[in-house]
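Enquirer: Fold the following for me, if possible:
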Amino acid sequence: MAESQVLLLDESHVNEKVTEAQARFYYSEEQRRALEALVTRGEAAYREALRKEQLRDFLSSRELQALRSGWRGYDDPREGGKVARGPGGETLSLAYWPECSDTEVPPLDLGWTDKTFYRGISRVALFTHPRKEEGAPHLKEVVREMIQQAQKIIAVVMDVFTDRDIFRDIVDAAYKRWIPVYIILDEEGVKLFLEMCRCLDLSDLQIRNIRIRSVTGVGFYMPAGKIRGTLASRFLMVDGEKVATGSYSFTWSSSHIDRNILLVLTGQHVEVFDVEFRELYAISEEVNLYKELGIANPFLLGIGKPGLHSSTVARKFINPKYGLVAGAARGDMMLWASRHRQDNQGNMEKEETSESKKRLNQFLNDLITLEQEFPEIDPPLENLNKLNRSPQKLLSRLHVDLKSKSKSRESIRDVKKDDAQANSKQGKRFASGLFSRKAKRSPGSSIEANSFASE
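Expert: Below is the predicted model:
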């Protein structure tokens, strides 16, 4: 239960009225009734509800039109004889607390960054359009440099994405550098994004490492239906270490005509965006690029079911060391894994005889069953006492060990003495030769010295 509902169960709790003058004022039941009158009966009923409830007009003319166009009635799944069924054909529960979820949480099947504790030095940089300084880069240049320098992942959350230059950089990163790319778009902006993709003439290999999802806003629920919201968040996260966010959208108009700002954050500031992206991805809906662009999907396992894998398994598929073990290149690991899973589902009892399977099994088998040879270790003193109960044997063995050690020490001393004597003899010979050379002088030199002294 929500915390507000738990507080209401307390008999001593008094619900405090929050007025519009207070900063924490957020929800008003009177405003909800006026809004319901607007979406169900029109603007005239909305004005009448404001007069009856003595409320000030809290919606602009633009909001009035947007709210009426975003209102949808609740769809009954049993309408027209239709019954909600699961993947296996079983009827799904329509209770408030269903036995199973109607939809499963989509996995980050291409892998995700492992940056959880330390994300580098925290910095903040602000860029604007138009530029404040002459040498400052424009906003589109900042975004493209981040994408071109990415090494691990690229995650995009955008309301409208129609800039072909930026998307071409993303495709090159996913196709040439094999970087996982996740893009979350607003539901209304998906059709514009698909129009751009159709103009680029993409192939199967170029979009193989890209996942597209769509979400809506939080929405406003009423008894008659729901008002759908929009996704207004805009940010780009690269490698789990850097985020670019602000009012800048990935469109040509936003980078050339509109006034925008762009904040580039690094370090621990990125953690909040990491959590936000994963939460949005968990509630998002799939946009099948293969189906929308008319491209054959190589990962289909059965009838219309894409082969999704957990993030842990996906990291193994794209890891080069697993490619070496299985005898396949890194780019072919995902395709190899999907075919391997399809064969296992088709016939569980049939053993595969491929060379890659044999090498993989041999490698895993050696890790578990390889026998290790340990060197022999002398038993400790306690074991010697247990084995040789007689103290005479033990003392004799210790005496022999001490004798051998003393002999080895004496031999080392003798060697050192011999070396010292040899060095001393060589020194005496060298010194005697030196003094003998000084003593010997030619007779001519002595005569010259005497004559010089007489003068």
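
Enquirer: Could you find the closest non-adjacent residue to residue 127?
Expert: Nearest in space to residue 127, with sequence neighbours left out and distances taken as C-beta to C-beta, 6 or more residues apart in numbering, is residue 262 at 4.5 Å. C-beta coordinates here come from the backbone N, C-alpha and C atoms, glycine included.

Enquirer: would you list every one of the strands in this structure?
Expert: 71-73, 123-129, 154-158, 181-186, 210-215, 220-221, 225-227, 235-238, 242-246, 260-266, 285-286 (DSSP state E).

Enquirer: Pull the residues that contact the fifth one.
Expert: In this case it means strand 210-215. Residues from elsewhere that reach strand 210-215 (C-beta atoms under 8 Å, 6 or more residues apart in numbering): 106, 109-110, 170-171, 174, 180-187, 190, 193, 231, 280-281, 283-287, 289.

Enquirer: Which strands border it, and is each parallel or antiparallel?
Expert: Paired neighbours of strand 210-215 in the sheet (DSSP bridges): strand 181-186 (parallel), strand 285-286 (antiparallel).

Enquirer: Next: the first one.
Expert: Neighbouring strands of strand 71-73 in its sheet, by DSSP bridges, are strand 225-227 (antiparallel).

Enquirer: Over the partner strand, what's the mean pLDDT, rounded is fine.
Expert: For strand 225-227, mean pLDDT is 87.

Enquirer: wait, what's in contact with residue 196?
Expert: So residue 196 contacts 161-162, 164, 167 (C-beta under 8 Å, 6+ apart).

Enquirer: so how far is residue 181 from it?
Expert: For residue 196, the distance to residue 181 equals 15 Å [C-beta to C-beta, to the nearest Å].

Enquirer: TSV please, covering the strands of the chain and showing distance to residue 7 and mean neighbour count.
Expert: Below are the strands of the chain laid out as TSV (distance: least, C-beta to C-beta, whole Å; neighbours: other C-beta atoms under 10 Å):
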stretch	distance to residue 7	mean neighbour count
strand 71-73	31	14
strand 123-129	38	15
strand 154-158	34	25
strand 181-186	35	23
strand 210-215	31	21
strand 220-221	21	14
strand 225-227	26	18
strand 235-238	35	24
strand 242-246	35	21
strand 260-266	37	18
strand 285-286	35	12
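
Enquirer: TSV for those, including distance to residue 357?
Expert: Putting those into TSV (distance: least, C-beta to C-beta, whole Å) gives the following:
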stretch	distance to residue 357
strand 71-73	51
strand 123-129	49
strand 154-158	33
strand 181-186	31
strand 210-215	29
strand 220-221	52
strand 225-227	51
strand 235-238	37
strand 242-246	41
strand 260-266	44
strand 285-286	31
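
Enquirer: For residue 146, which of the ones you listed is the nearest?
Expert: Each of those has some distance to residue 146 by C-beta to C-beta; the shortest is strand 235-238, at 5.0 Å.

Enquirer: I'd like to know which elements the closest one is packed against.
Expert: In terms of contacts (3 or more C-beta pairs under 8 Å, 6 or more residues apart in numbering; DSSP states H and E), strand 235-238 is packed against helix 139-148, strand 154-158, strand 242-246, helix 270-282.

Enquirer: let's go with 6 Å and repeat that
Expert: Other elements packing on strand 235-238 under the criterion 3 or more C-beta pairs under 6 Å, 6 or more residues apart in numbering; DSSP states H and E are strand 154-158, strand 242-246.

Enquirer: Any stretches of the protein with poor pLDDT?
Expert: Residue ranges of the chain with pLDDT under 70: 1-2, 75-103, 299-356, 363-455.

Enquirer: again, 80 this time
Expert: Scanning the chain for pLDDT under 80 picks out the ranges 1-16, 74-105, 114-118, 297-455.

Enquirer: The residue nearest to residue 278 when sequence neighbours are not counted: how many residues sit nearby?
Expert: Spatial nearest neighbour of residue 278, chain neighbours left out: residue 108 (7.5 Å); criterion: C-beta to C-beta, 6+ apart. Neighbourhood size, residue 108 [other C-beta atoms under 10 Å]: 21.

Enquirer: I'd like to know how far residue 108 sits from residue 170.
Expert: Residue 108 is 17 Å from residue 170, by C-beta to C-beta.

Enquirer: ditto for residue 275
Expert: 22 Å.

Enquirer: out of those two, which sits in the more crowded spot?
Expert: Neighbours per residue, other C-beta under 10 Å: of residue 275 and residue 170, the larger number sits with residue 170, 22 against 10.
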